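J.: With the input below, show me the fold.
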Amino acid sequence: MLVKKILIFRKFVNIFKKFNLTATILIGIIILSFLLRFYRLSDIPSGVFADEASIGYNAYTIATKGVDEYGKPFPFFFQAFGEYKSPIQIYSTVPFISIFSLNEFSTRLPSVVFGTTTIIAIYFLTKELVSKFKNKKTIALIAALFIAISPWHIHFSRIAFEMIPFVLFTTLSLYCFLKAQKKIRFLFLSNISLILAIYSYFPARIFIPLFSLGIFCIYYKFLWKYKKIVVLNFVLAFLLLTPLIVHSFSPLGISRWQQVNIFVQPPRDESISRHIFNNYISHFSLDFLFLKGDIDTPGQSISRHSVRGIGELYLFQLPLIIFGFIFLIRKQMWKSTVILFLWFILYPIGSMFTIDQSAQATRSIIGIVPFQIVSAIGLYDLISLFSKIRKIFAYILAFFMFAIIAVSFIYYMNLYFVKYPQYSSDFWGWQYGPREIMTYFLKEKNNYQDLYMSGEFNSGQIFILFYDPKNLCNNKCKISDFWREPNIYDPTKKQLFSLSPEYLNNSKLKEKFLIKKTIYYPNNTIAFLIGEIVQ
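T.: So this is what the prediction gives:
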């Protein structure tokens with residue numbers, strides 16, 4: 001018996017030895033990343049935007065009926081709000097809704113998973129990019145940490161938008177391509193990841209072909225060496241992308257592009273070329289990247305895309321990015337330098353041709369990856385330079401830098417989890433209120449003939465479907481825009497209305513409105529008033 005226990009103990013000791021420090025730190029970073037994206041997922045951001053509700057409801061109908069909200073069975077693309085959504089986010093949401101039902105948590109959880117998995121992908125991609133350097137694991141760990149705590153990445157990993165899968169699959173594709181230099185079978189995995197990236201998000205259809213062309217130019221000798229395998233992968237990609245190609249050139253497929261491109265809606269105060277140039281350059285501005293982020297850029301009134309008081313990157317990353325490129329050039333790591341530089345110059349391509357007046361954190365989200373990798377390289381290089389002078393200086397600098405990183409991170413946590421909900425829940429933010437309104441409506445549905453939700457939301461009808469997917473309201477819950485339909489009130493019916501204070505204060509209904517329930521924004525101001533109109 002004693003011998004058996006000793007053997008078991010030795011087995012655990014051997015496992016522990018294999019479980020080295022690098023793996024332990026990486027697992028710690030992954031856990032941190034997951035917790036940052038998972039914590040209070042249903043409540044922050046406060047509210048659910050129409051795009052999230054659309055993704056969640058379509059995933060629900062696929063899970064329960066095998067059709068989208070319009071009854072089309074297992075579509076490649078999902079019709080929504082005059083455009084078509086890509087399939088990756090919706091189909092990825094299906095299993096989560098099957099397990100956790102339709103709600104904010106299950107709808108946003110796939111983004112948490114995609115976002116956390118990206119941390120692992122960044123680690124391995126960074127290792128490949130600096131593979132000739134002996135301390136590649138350390139640099140890769142720093143890159144993983146940087147993206148784990150990145151304001152840009154955390155923000156979009158907590159919401160059900162389409163862009164986070166784009167970041168993950170693009171990163172995986174490049175990693176597998178670099179691995180294919182030694183093991184050609186990885187080329188197939190790279191190809192599949194690239195296809196998934198293209199299917200993930202509309203800007204990927206612009207970025208991926210251009211970025212891939214650049215990669216092909218860099219590695220043309222390798223591709224020529226395995227030309228038969230390359231051709232087979234190209235044919236496979238063409239076949240798998242055929243639905244996307246057909247859709248992209250159809251009137252329905254280009255509907256979103258028609259809504260946002262600068263060529264259809266040219267600017268009045270500047271030339272189209274000037275607008276495109278300014279839009280491109282704004283993605284490299286100090287304000288967008290390091291000081292203000294998306295939320296306070298010129299012409300931007302939407303608070304859904306970033307928090308106020310910080311850039312898309314931390315300010316401490318600015319010098320690190322410079323040092324990172326200097327290190328790559330000094331070490332003559334030319335291919336890695338060109339890849340990362342190409343990624344830098346192409347990352348705004350998804351939004352530079354739009355009507356937006358400045359940088360967009362959504363359409364340019366693919367820029368997250370090179371910024372974190374080069375920052376990690378820069379930090380390691382900076383510490384290494386001090387180490388050559390004297391090791392004690394390197395330790396002091398390392399302590400000083402990680403103290404700055406910790407303070408910056410804590411500062412961002414306060415901005416996001418404490419302050420952000422206070423100002424981002426209104427119409428220009430996450431449009432808080434439908435959940436609370438529908439909860440009350442479903443409670444009171446048997447007492448009224450009509451229950452009208454205010455139309456002061458983007459595509460408000462989707463919230464009725466999202467919060468009442470089984471139609472427990474029996475079609476009595478409706479959307480009504482009282483600004484456009486002031487005569488919807490019928491004194492012969494028992495009706496319940498949710499109205500904003502702005503509408504009531506500017507209408508003749510104010511004196512006749514009997515308040516039944518008041519709904520407050522997170523900052524304790526009144527969001528909506530639910531009540532009856534009495535004579």
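J.: Isn't P370 up against I345?
T.: No: in this structure P370 lies outside contact range of I345 using C-beta atoms under 8 Å: 9.8 Å. C-beta coordinates here come from the backbone N, C-alpha and C atoms, glycine included.
J.: So for the protein, the centremost residue is which one?
T.: In the chain, the centroid-proximal residue (C-alpha atoms, centre = their mean) is F156; its distance is 3.0 Å.
J.: Break down the protein into its strands, ranges please.
T.: Secondary structure of the chain (DSSP state E): strands at 78-80, 83-85, 450-454, 477-480, 495-499, 513-520, 526-533.
J.: May I see those arranged in CSV, with mean neighbour count as well?
T.: Output for the strands of the chain, formatted as CSV (neighbours: other C-beta atoms under 10 Å):
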stretch, mean neighbour count
strand 78-80, 21
strand 83-85, 21
strand 450-454, 23
strand 477-480, 20
strand 495-499, 23
strand 513-520, 14
strand 526-533, 19
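J.: for those strands, which one sits closest to I349?
T.: Closest to I349 of these, according to C-beta to C-beta: strand 83-85, at 19.7 Å.
J.: Put together CSV for the strands of the chain, with distance to A143 and mean pLDDT on each row.
T.: CSV is the format used below for the strands of the chain (distance: least, C-beta to C-beta, whole Å; pLDDT from 0 to 100):
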stretch, distance to A143, mean pLDDT
strand 78-80, 34, 88
strand 83-85, 31, 85
strand 450-454, 45, 91
strand 477-480, 46, 88
strand 495-499, 47, 92
strand 513-520, 42, 93
strand 526-533, 41, 93
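J.: Out of those strands, which gets nearest to I383?
T.: strand 83-85 (44.3 Å).
J.: what pairs with the closest one, and is each one parallel or antiparallel?
T.: If you go by DSSP bridges, strand 83-85 pairs up with strand 78-80 (antiparallel).
J.: Helices of the stretch 301-450 of the chain, start to end?
T.: With DSSP state H, counting those that start in this stretch as the criterion, the stretch 301-450 of the chain has helices at 317-330, 334-346, 368-389, 391-413, 420-423, 434-444.
J.: Could you export those helices as TSV, including mean neighbour count?
T.: Converted to TSV, the helices of the stretch 301-450 of the chain look like this (neighbours: other C-beta under 10 Å):
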stretch	mean neighbour count
helix 317-330	19
helix 334-346	18
helix 368-389	22
helix 391-413	14
helix 420-423	18
helix 434-444	19
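J.: who wins for proximity to V167 among those?
T.: Nearest to V167 among those is helix 368-389 (5.9 Å), distances taken as C-beta to C-beta.
J.: Now do that closest one: which elements does it pack against?
T.: Where contact means 3 or more C-beta pairs under 8 Å, 6 or more residues apart in numbering; DSSP states H and E, helix 368-389 is packed against helix 104-129, helix 136-148, helix 163-179, helix 317-330, helix 334-346, helix 391-413.
J.: Now tabulate those helices in CSV and tack on distance to T61.
T.: Listed next are the helices and strands packed on helix 368-389 as CSV, based on distance: least, C-beta to C-beta, whole Å:
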stretch, distance to T61
helix 104-129, 13
helix 136-148, 34
helix 163-179, 20
helix 317-330, 42
helix 334-346, 36
helix 391-413, 36
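J.: Out of those helices, flag the one nearest T518.
T.: Between the helices and strands packed on helix 368-389, helix 104-129 lies closest to T518; by C-beta to C-beta that is 21.8 Å.
J.: In TSV, list the strands of the chain along with distance to Q422.
T.: Shown next, in TSV, are the strands of the chain (distance: least, C-beta to C-beta, whole Å):
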stretch	distance to Q422
strand 78-80	29
strand 83-85	30
strand 450-454	22
strand 477-480	27
strand 495-499	22
strand 513-520	12
strand 526-533	13
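J.: Quick one: closest of those to P298.
T.: Among the strands of the chain, strand 83-85 comes nearest to P298, with 25.5 Å by C-beta to C-beta.
J.: quick one on the thing from earlier: of all the helices of the stretch 301-450 of the chain, which lies closest to S98?
T.: Checking the helices of the stretch 301-450 of the chain against S98 by C-beta to C-beta gives helix 434-444 as the closest, at 20.9 Å.
J.: what's the closest one packed up against?
T.: For helix 434-444, the packing partners by 3+ C-beta pairs under 8 Å, 6+ apart come out as strand 450-454, helix 461-467, strand 477-480, strand 495-499, strand 513-520, strand 526-533.
J.: so can I have CSV of those showing distance to F161?
T.: Listed next are these as CSV, based on distance: least, C-beta to C-beta, whole Å:
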stretch, distance to F161
strand 450-454, 23
helix 461-467, 15
strand 477-480, 23
strand 495-499, 26
strand 513-520, 25
strand 526-533, 23
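J.: for these, which one sits closest to A197?
T.: Here helix 461-467 is closest among the helices and strands packed on helix 434-444 (C-beta to C-beta), at 26.7 Å.
J.: circling back to that earlier point, ok, which of the strands of the chain comes nearest K228?
T.: Taking C-beta to C-beta, strand 83-85 is the member of the strands of the chain nearest to K228, at 36.0 Å.
J.: Give me the contact list for that closest one.
T.: 51, 54-55, 58, 77-79, 162, 247, 252-253, 255-256, 259 (C-beta atoms under 8 Å, 6 or more residues apart in numbering).
J.: Next, the distance between the ends of stretch 325-338.
T.: The straight-line separation of the ends of stretch 325-338 (C-alpha to C-alpha, to the nearest Å) is 10 Å.
J.: Quick one: mean pLDDT over it.
T.: For stretch 325-338, the mean per-residue pLDDT is 90.
J.: Same check on stretch 37-53?
T.: Mean pLDDT, stretch 37-53: 95.
J.: any low-confidence regions in this protein?
T.: 1-19, 255-258, 482-486 (pLDDT under 70).
J.: quick one: which of the helices and strands packed on helix 434-444 is nearest R330?
T.: Among those, helix 461-467 comes nearest to R330, with 53.4 Å by C-beta to C-beta.
J.: export that closest one as CSV, just CAs?
T.: The C-alpha trace of helix 461-467 is given here as CSV (Å, rounded to 0.1, in the frame of the first residue of the first chain):
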residue,chain,number,x,y,z
GLN,A,461,-39.4,45.4,-32.4
ILE,A,462,-36.4,43.1,-32.0
PHE,A,463,-36.5,43.7,-28.2
ILE,A,464,-40.0,42.3,-28.0
LEU,A,465,-38.8,39.2,-29.8
PHE,A,466,-35.7,39.0,-27.7
TYR,A,467,-37.4,39.2,-24.3
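J.: still on that earlier bit, state the distance from the residue nearest to the centre of the chain to E162.
T.: Going from F156 to E162 by C-beta to C-beta, to the nearest Å gives 10 Å.
J.: Repeat that for A406.
T.: A406 is 32 Å from E162, where distance means C-beta to C-beta.
J.: next one: F188
T.: Distance, F188 to E162, by C-beta to C-beta: 25 Å.
J.: Those two - which one has more neighbours?
T.: E162 (24 against 15; other C-beta atoms under 10 Å).
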